[in-house]
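S.K.: Quick one: sequence and predicted model below, then my questions.
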Amino acid sequence: MTRRRAVITGIGPITCIGKGADAFWQGILAEKSGISRISTFDTSAFNAHSGGEILDWSRSSFFRRIV
């Protein structure tokens, strides 16, 4: 039997329809898709050009830098 593992960070979901539990739930209730044409890199080398990007994401909003 394979053991599954999960990491619980307390941050909540970080998705293309909302960041954090409240924003994510509101995105679900508003029936947001989050899927659009990829804008953060050139997709011409690929057959797919759409995806769910997490825009305006800043890891420093959630994680502090450890040196």
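M.R.: Noted; the coordinates are in hand. Residues are numbered from 1 along each chain as shown.
S.K.: first vs last residue of stretch 28-38, how far apart are they?
M.R.: 21 Å (CA to CA, to the nearest Å).
S.K.: Tell me how far that stretch lies from the chain's centre.
M.R.: Remark: stretch 28-38 is offset 11 Å from the chain centroid, using CA atoms, centre = their mean, to the nearest Å.
S.K.: Name the residues of it that are buried.
M.R.: Across stretch 28-38, burial judged by 16 or more other CB atoms under 10 Å covers no residue at all. No exception for glycine: its C-beta is placed from N, CA and C like everyone else's.
S.K.: Quick one: residues in contact with it.
M.R.: 15-18, 27, 49-53 (CB atoms under 8 Å, 6 or more residues apart in numbering).
S.K.: those helices in the chain, which residues are they?
M.R.: Secondary structure of the chain (DSSP state H): helices at 21-29.
S.K.: low-scoring stretches of it, by residue?
M.R.: 1, 7-9 (pLDDT under 70).
S.K.: any idea how far the spatially most central residue of it lies from Asn47?
M.R.: For the chain, the residue nearest the mean C-alpha position is Thr15 (2.8 Å; CA atoms, centre = their mean). To Asn47, Thr15 is 24 Å away according to CB to CB, to the nearest Å.
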